[in-house]
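Q: sequence and predicted structure below; questions after.
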Amino acid sequence: MSEQYKIGDYKFDTYEEYLVAQEDVKKIDFITKEVDITDADVAVRLYTLIRNKEIVFRSKVGLSFSWYLTDVLAQNSQNLLEEKRKREARQEKGKKFGMAGMFCMLAAVLCLGYYGVTLWQEHLESQEYEKLQNMQNLTGHIIRETDSDDAEDSGEAESGQADGTDEGQKNHSGKSDKKKTDKKQAADKTADLKVLKKYKKLYGQNKDLAGWLSIEGTVINYPVMQTGRKNSDYYLHHDFEKKESDHGTLFLDARNDYVNRDTNLIIYGHNMRDGTMFGGLKSFMDKDYMEQHKEIVFDTIYEKARYKIVAVCLSKVNYQDDDAFRYYNFLEASGKEEFNAFLANIQQLTVFDQTIDISYGDELLTLSTCNSYIQDGRLFLIAKKE
């Protein structure tokens, strides 16, 4: 699997080297968003910070960025001299703020930004946070503080349906007459079910509410939505109030039946830079972290339930012409043989050297998001209902 640890054109032999490079990518991403590194004056100050080890890069990705700054300096040496003359002229006129002050401000922004980017982004998104807080208060779910680290440099999420919905429907549409009968019984059963008291008010605000997902000790503490198949990815780009949002909202696979429960319920979410939604799932690729946060609570609007994580896996989206395993198409096992085939496939995708402790008859929960370890990469966690 080592050849799959890749960032752009850079490949890494180990997962540890890949994580170090990811940290460098975060620093570079923040710097390039905050300042214009093609500006000669900015470039020389950044180079000075790097040379003095106030900004430290530890991978070939960071080293490449340092060399790029050197090229900028070489190409703009004349501009640097001109800027110096202008600064001296401004100082002679007695202007209150000189370039030295700008340098101090830049250094402060970089330092504060790197160590406090999550708090900064929370401030910018305070309205969304307050909305979530109100929902959590309504349901009795406790707000947890956001992790200090940024998430992956990718801000995208994925839905298996984006690639495999039609195929998945074909695979499961003709299972058996019994399945159709079960679905009809499920519709009848829904009419008799009562929404749990803690979710009644939220459900009254949005009938797409399917449940609530939380993992103790993490920022994952969100409502989970579900729409019909014709609009299956609606909540990729809409919040709970159905307003357009880059964060989107966690949502259950449109093909899933959580009343007449499928074998495997799949929840999708964006991998956000600020660590919200499913931005923190990458932390589960650290075995110690995973062991400390194995318990998942996923209540549907009708039923409370707890799960335990049994596997952390890496995969990718496979397109229609690929003859490959698609974990996001496993919703309902028609029998023991199909379940065991699924188990054998995900066993090959696990991050850790382990035997996955599930068997036919278990009820599963999958949390899925994007991951940049390869192109169209996906990270997913599998949990078993306790």
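A: Yes, it's here.
Q: quick one: low-confidence ranges for the chain?
A: 1-4, 40-41, 71-85, 87-88, 90-134, 136-191, 317-323, 372-376 (pLDDT under 70).
Q: ok, longest strand in it?
A: Longest strand in the chain, counting residues (DSSP state E): strand 306-316.
Q: using PDB, list the CA coordinates for that strand.
A: Taking Å, rounded to 0.1, in the frame of the first residue of the first chain, the C-alpha atoms of strand 306-316 are listed here in PDB:
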ATOM      1  CA  ARG A 306     -24.600   2.400  20.000                       C
ATOM      2  CA  TYR A 307     -21.800   1.000  17.800                       C
ATOM      3  CA  LYS A 308     -18.200   0.000  18.100                       C
ATOM      4  CA  ILE A 309     -15.600   0.800  15.300                       C
ATOM      5  CA  VAL A 310     -14.100  -2.500  14.000                       C
ATOM      6  CA  ALA A 311     -12.200  -1.200  10.900                       C
ATOM      7  CA  VAL A 312     -10.600   1.800   9.400                       C
ATOM      8  CA  CYS A 313     -10.200   1.500   5.600                       C
ATOM      9  CA  LEU A 314      -8.900   3.300   2.500                       C
ATOM     10  CA  SER A 315     -10.400   2.900  -0.900                       C
ATOM     11  CA  LYS A 316     -11.300   5.000  -4.000                       C
END
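Q: which parts of whichever helix or strand comes after that strand are buried?
A: Once strand 306-316 ends, the next helix or strand along the chain (criterion: DSSP states H and E) is helix 336-347. Under the neighbour-count criterion of 16 or more other CB atoms under 10 Å, helix 336-347 has 338-339, 342-343, 345-346 buried. Heads up, the C-betas are built off the backbone N, CA and C, glycines and all.
Q: follow-up on the earlier one: between the longest strand of the chain and helix 336-347, how many degrees?
A: 70 degrees (axes from the mean of the first three to the mean of the last three CA atoms, to 10 degrees).
Q: so which residues make contact with strand 306-316?
A: For strand 306-316, contacts defined as CB atoms under 8 Å, 6 or more residues apart in numbering pick out 1, 4, 284-285, 290, 293-298, 325, 327, 346, 349-352, 354, 356-358, 365, 371, 373-386.
Q: span of stretch 362-381 from start to end?
A: One end of stretch 362-381 to the other measures 15 Å (CA to CA, to the nearest Å).
Q: same deal with stretch 204-212?
A: In stretch 204-212, first residue to last residue: 15 Å (CA to CA).
Q: enumerate the positions of that stretch that are buried.
A: For stretch 204-212, burial by neighbour count (16+ other CB under 10 Å) applies to 208-212.
Q: please apply the same query to stretch 238-254.
A: Buried residues in stretch 238-254, counted by 16+ other CB under 10 Å: 238-240, 245, 247-254.
Q: hang on, the earlier thing: can you list the buried residues of helix 336-347 in JSON lines and add distance to residue 24?
A: Formatted as JSON lines, the buried residues of helix 336-347 follow (distance: CB to CB, whole Å):
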{"residue": "338", "distance to residue 24": "43"}
{"residue": "339", "distance to residue 24": "42"}
{"residue": "342", "distance to residue 24": "37"}
{"residue": "343", "distance to residue 24": "37"}
{"residue": "345", "distance to residue 24": "33"}
{"residue": "346", "distance to residue 24": "31"}
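Q: mind checking which of the contacts of strand 306-316 are in helices?
A: Counting by DSSP state H, the contacts of strand 306-316 place 290, 346 in helices.
Q: any chance of a PyMOL selection covering the buried ones in the contacts of strand 306-316?
A: One line in PyMOL is enough to select the buried members of those, burial here meaning 16+ other CB under 10 Å:
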select buried, resi 284+285+290+293+294+296+297+298+325+327+346+349+350+351+356+358+365+371+373+377+378+379+380+381+382+383+384
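Q: so which of the contacts of strand 306-316 belong to strands?
A: Among the contacts of strand 306-316, the members found in strands (DSSP E) are 295-298, 365, 377-385.
Q: and the end-to-end length of stretch 344-362?
A: Stretch 344-362 has an end-to-end distance of 15 Å (CA to CA).
Q: which residues are contacting that stretch?
A: 15, 263, 285, 287, 290, 310-315, 325, 327, 333, 335-336, 339-340, 343, 364, 382, 384-385.
Q: using PDB, write out every CA atom in stretch 224-239.
A: Extracted in PDB, the C-alpha atoms of stretch 224-239 (Å, rounded to 0.1, in the frame of the first residue of the first chain):
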ATOM      1  CA  VAL A 224     -28.000  13.100   9.900                       C
ATOM      2  CA  MET A 225     -30.300  13.700   6.900                       C
ATOM      3  CA  GLN A 226     -31.800  11.600   4.200                       C
ATOM      4  CA  THR A 227     -33.500  12.500   0.900                       C
ATOM      5  CA  GLY A 228     -35.100  10.400  -1.900                       C
ATOM      6  CA  ARG A 229     -32.900   8.900  -4.600                       C
ATOM      7  CA  LYS A 230     -33.800  11.600  -7.200                       C
ATOM      8  CA  ASN A 231     -32.000  14.200  -5.000                       C
ATOM      9  CA  SER A 232     -29.600  12.000  -3.200                       C
ATOM     10  CA  ASP A 233     -26.700  14.400  -2.800                       C
ATOM     11  CA  TYR A 234     -28.800  17.500  -1.800                       C
ATOM     12  CA  TYR A 235     -27.100  17.700   1.600                       C
ATOM     13  CA  LEU A 236     -23.600  17.800   0.200                       C
ATOM     14  CA  HIS A 237     -24.200  21.500  -0.300                       C
ATOM     15  CA  HIS A 238     -27.100  22.400   2.000                       C
ATOM     16  CA  ASP A 239     -27.300  22.800   5.800                       C
END
